[in-house]
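K.L.:
From the sequence below, what's the structure:
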Amino acid sequence: MQRPILIVGGAPRVAVDAIRHLTVSATGATAVTLSQHLRTVGREPHLLLSLDAAPSATAERYRDRDALELALSTWISRHPDGCVVMSAAVNDYRVASVERWEGSDCQKLRAGEKLPSGADEVVIRLRPENKIIDRLRPEFGLRGPIVGFKFEAAASVLASAEELLRRVDAACVAANSLCGEVQAIIDASGAERFPTRPLMLTALAKRIAEI
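P.N.:
Numbering: from 1, shown residues only. From the prediction side, this is the model:
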């Protein structure tokens, strides 16, 4: 029996007020590409994307981090031995407060309230949030493989990917540098580097299909 596969892409919205939100510039293209590669080899992954990612793709959608966590926990409860591919750019911060300043007068917005216009300054305070990928095993009960992603500066991305691999007991981690020079797949045996991102994603899809 083939192992179920969940591919998560895009980025959750972080609500600022009743109508505004912060988000990450994540298109969901990586998740969609991996899904397409897997379908060519007879696998049918479950695709979970944010509302703003790849609008033409057929996928289950999530709006914010709470909805993403619910979708993940629900899928894992049904498929505890499945493979979770976390390509989503999940925010590490949650809005703690929003302050509207007019001169020396400060008004703190209540949850669900709309920020009035005309302020001299608006201050959005963020507080750290835990990492969802760290919770997949201990909290959500995942027993199956994890495929992680790390996206940062070329000088540190490989080391950070190796640390993530160990920390969450991942099958492998895709390492991408901000400058595009580093494209690699990290696993217990080391790093396999690729000259282009498309070649790396093709190889990664093959690994996922074979897990």
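K.L.:
quick one: which helix or strand includes the residue nearest the centre of the chain?
P.N.:
The chain has residue 88 as the residue nearest its centroid, 2.0 Å off, counting by C-alpha atoms, centre = their mean. Using DSSP states H and E, residue 88 falls within no helix or strand.
K.L.:
distance of it from residue 41?
P.N.:
Distance of residue 88 to residue 41, computed by C-beta to C-beta, to the nearest Å: 23 Å. Where C-beta positions appear, they are placed from N, C-alpha and C, glycine not excepted.
K.L.:
What about residue 177, how many residues nearby?
P.N.:
18 (other C-beta atoms under 10 Å).
K.L.:
Surely it is in contact with residue 152?
P.N.:
Yes: counting by C-beta atoms under 8 Å, residue 177 touches residue 152, with 7.1 Å between them.
K.L.:
Strands along this structure, start to end?
P.N.:
Ranges of strands in the chain, per DSSP state E, are 5-9, 14-15, 21-22, 46-50, 60-62, 83-86, 93-102, 105-108, 121-128, 146-152, 172-177, 183-187, 190-193.
K.L.:
and of those strands, who's closest to residue 31?
P.N.:
For those, proximity to residue 31 was assessed by C-beta to C-beta; strand 5-9 is nearest, at 2.6 Å.
K.L.:
ok and the closest one relative to strand 46-50, angle-wise?
P.N.:
Relative orientation of strand 5-9 versus strand 46-50 (axes from the mean of the first three to the mean of the last three C-alpha atoms, to 10 degrees): 20 degrees.
K.L.:
Now do strand 5-9 against strand 146-152, angle only.
P.N.:
Going by the same axes, to 10 degrees, strand 5-9 makes 20 degrees with strand 146-152.
K.L.:
For strand 5-9, output the C-alpha coordinates as CSV.
P.N.:
Extracted in CSV, the C-alpha atoms of strand 5-9 (Å, rounded to 0.1, in the frame of the first residue of the first chain):
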residue,chain,number,x,y,z
ILE,A,5,1.4,12.3,0.9
LEU,A,6,0.4,15.8,2.0
ILE,A,7,2.1,18.8,0.4
VAL,A,8,1.7,22.1,2.1
GLY,A,9,2.4,25.4,0.3
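K.L.:
other SSEs contacting that strand?
P.N.:
helix 29-40, strand 46-50, helix 65-78, strand 83-86 (3 or more C-beta pairs under 8 Å, 6 or more residues apart in numbering; DSSP states H and E).
K.L.:
Quick check: the gap between the closest residue to residue 192 other than its chain neighbours and residue 171.
P.N.:
Nearest non-adjacent residue to residue 192, counting by C-beta to C-beta, 6 or more residues apart in numbering: residue 185, 5.0 Å away. Using C-beta to C-beta, residue 185 is found at 10 Å from residue 171.
K.L.:
what is in contact with these two at once?
P.N.:
Overlap of the contact sets of residue 185 and residue 171 (by C-beta atoms under 8 Å, 6 or more residues apart in numbering) consists of residue 207.
K.L.:
one step back: I'd like the helices and strands packed on strand 5-9 written out as TSV, with mean pLDDT and distance to residue 57 added.
P.N.:
Putting the helices and strands packed on strand 5-9 into TSV (pLDDT from 0 to 100; distance: least, C-beta to C-beta, whole Å) gives the following:
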stretch	mean pLDDT	distance to residue 57
helix 29-40	98	5
strand 46-50	98	6
helix 65-78	97	15
strand 83-86	98	15
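K.L.:
Cheers, nothing more for now.
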